[in-house]
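1. Sequence first, predicted coordinates after that:
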Amino acid sequence: MKVLGLCCDHAGFELKQFVKQWLDAKKLLYKDFGTYSLDSCDYPDFAHPMALAIEAGECYAGVAICGTGNGIAITLNKHQGIRAALCWIPEISYLARRHNNANVLVMPGRYITNEVAEKVLAEFFSTDFEGGRHQRRIDKIPIK
Ligand code: RB5
């Protein structure tokens, strides 16, 4: 059973609700790691548990959202098994999968419309990793 992880802070909460509707319409399963309201909170509290679940194989990938996307992406990328890519247009999302084999899609909740986010999501989840020279490059990312 393939389960996607979701996480956000207060600035990403509304877009995460939209993402859940999009996933529900496609009958895709997810686990929501929070936050669960618009109350001010700290994105690492939700990003770290989702990253650990992906590294443990409990989730096959993730979607993460904060205001700019940067705080949550920086947090997720502290984990050796995570390649979190900040995507704000579909072309970047396509290349995050194609070239970076990104396993977490990060979006900037305060700087993206639902219409664009839908295209970013569709690109991310329909694009396969290219491999080849890009595999060689991502093999060099982890700090041993
Ligand atoms: C919250 O105000 C904001 O700082 C956070 O969502 C994010 O943009 C940080 O990178």
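-> Everything's here; your move. Just so you know, these numbers come straight off a predicted model, no measurement behind them.
2. Quick check: which element contains S126?
-> In this assignment (DSSP states H and E), S126 forms part of neither any helix nor any strand.
3. where does this structure come near the ligand, residue by residue?
-> 9, 11, 66-68, 70-71 (Cβ under 6 Å from any ligand atom). Heads up, the C-betas are built off the backbone N, CA and C, glycines and all.
4. Any chance of JSON lines for these, columns neighbour count, secondary structure and pLDDT?
-> Below are these laid out as JSON lines (neighbours: other Cβ atoms under 10 Å; DSSP: H, G, I helix; E, B strand; the rest coil; pLDDT from 0 to 100):
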{"residue": "D9", "neighbour count": "26", "secondary structure": "coil", "pLDDT": "99"}
{"residue": "A11", "neighbour count": "23", "secondary structure": "helix", "pLDDT": "98"}
{"residue": "C66", "neighbour count": "29", "secondary structure": "strand", "pLDDT": "98"}
{"residue": "G67", "neighbour count": "17", "secondary structure": "coil", "pLDDT": "98"}
{"residue": "T68", "neighbour count": "18", "secondary structure": "coil", "pLDDT": "99"}
{"residue": "N70", "neighbour count": "13", "secondary structure": "helix", "pLDDT": "98"}
{"residue": "G71", "neighbour count": "19", "secondary structure": "helix", "pLDDT": "98"}
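5. quick one: the helices in this structure?
-> Ranges of helices in the chain, per DSSP state H, are 13-25, 44-55, 70-76, 90-98, 114-124, 133-139.
6. coming back round to it: pick the one among the residues of the chain next to the ligand closest to Q135.
-> N70 (26.5 Å; Cβ to Cβ).
7. ok, the spatially closest residue to that closest one that is not a sequence neighbour - contacts?
-> Using Cβ to Cβ, 6 or more residues apart in numbering and skipping the chain neighbours, the partner closest in space to N70 is L86 (6.7 Å). Under the criterion of Cβ atoms under 8 Å, 6 or more residues apart in numbering, the neighbours of L86 are 69-70, 73, 92, 106-108.
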